[in-house]
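Q: how would this look folded up:
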Amino acid sequence: MKYSIVFFLLFASCCFGQEIAKKDLIAVLDTIWETEQTPIRLRDTAMKRHGADSEEFKKYQKIYKKNHAVNEKKVKAILDTYGWPSPEKSGNNGNWTLCNVLQHSDNAVREKYLPMMRQAVKDKKLEARFLVRAADRIATEKGELQWYGGQMKYYPATKSFNVWPVYDPVNIDKRRAAIGLEPIAGFLKNRFNFEWNLEEQLQRTAEFTKQQKNKE
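A: I've put the predicted structure just below:
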């Protein structure tokens, strides 16, 4: 009887500690989300109303940059210490928070945590769409072909948006399916109201590749 009581107390203490840790992580991530996203929202509103040269815009941009520097350190500390947390530990908005901060960071930071994100997708801790955002953003900022078609760009010459050139467009749906994503045509139509044309994208990829080789 005595040992049963001791075991129960130890078990209860352990569970209570885990629950507190869970709540602490969620609270930390909720704070990161608010301090990261609120100045962005206010900044974007100021830009629409007053323009990017307005004092209002500059004020919120300064706050955002200051907050992001702090948030990036917090996110890196969480990932370096605990790895990618499960949704149960990070809460409903946990993945949004972690991925948004990484997305707002420079390419070196994104590249560091990309393998962790890939593993998190395999472990069902992270939705594939977050991985795609990071992987394709890394590629486009390096001036390389993207893999999954998640990044669009505005082209002044045609005054229109188009998909940043994709590696091997013929097999893009196979790559997307491998990580649990819908076909590219449906994604682009639903997200951007953009029509995927394989022949067009094959031509754009070929032209992009030729331009890259000419730069070497």
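Q: how far away is the residue nearest the centre of the chain from Leu131?
A: For the chain, Cys99 is the residue whose C-alpha lies nearest the centre (Cα atoms, centre = their mean; 3.8 Å). Using Cβ to Cβ, to the nearest Å, Cys99 is found at 9 Å from Leu131. From N, CA and C alone the C-beta is placed, and that goes for glycine too.
Q: Leu42 too?
A: 29 Å.
Q: about what we covered before: look up the residues that both of Cys99 and Leu131 are in contact with.
A: Met117 (Cβ atoms under 8 Å, 6 or more residues apart in numbering).
Q: pLDDT value on Ala12, please?
A: We have a pLDDT of 36 for Ala12.
Q: what's the answer for Asp80, then?
A: Confidence score, pLDDT, at Asp80: 95.
Q: ok, for Glu207, nearest residue in space, not its chain neighbours?
A: Nearest non-adjacent residue to Glu207, counting by Cβ to Cβ, 6 or more residues apart in numbering: Pro165, 7.9 Å away.
Q: And Leu42 and Leu131? Which one has more around it.
A: Leu131 (23 against 17; other Cβ atoms under 10 Å).
Q: Confirm that the more buried one sits in a strand.
A: No - Leu131: not assigned to a strand; according to DSSP: H, G, I helix; E, B strand; the rest coil it is helix.
Q: re earlier: do I have it right that the residue nearest to Glu207 meets Glu200?
A: No - applying Cβ atoms under 8 Å, one finds Pro165 not in contact with Glu200, separated by 10.7 Å.
Q: These two - which one has more neighbours?
A: Pro165 (25 against 13).
Q: What is the neighbour count of Lys213?
A: Neighbours of Lys213 using other Cβ under 10 Å come to 8.
Q: Can you tell me how far Glu199 is from Thr38?
A: For Glu199, the distance to Thr38 - Cβ to Cβ - is 44 Å.
Q: Neighbour count for those two, which is higher?
A: Ranked by neighbour count (other Cβ under 10 Å), Glu199 and Thr38 place Thr38 first, with 14 against 8.
Q: Spit out the contact partners of the closest residue to Gly180 other than its chain neighbours.
A: Nearest residue to Gly180, sequence neighbours excluded (Cβ to Cβ, 6+ apart): Ala128, at 4.8 Å. By Cβ under 8 Å, 6+ apart, the residues touching Ala128 are 121, 179-181.
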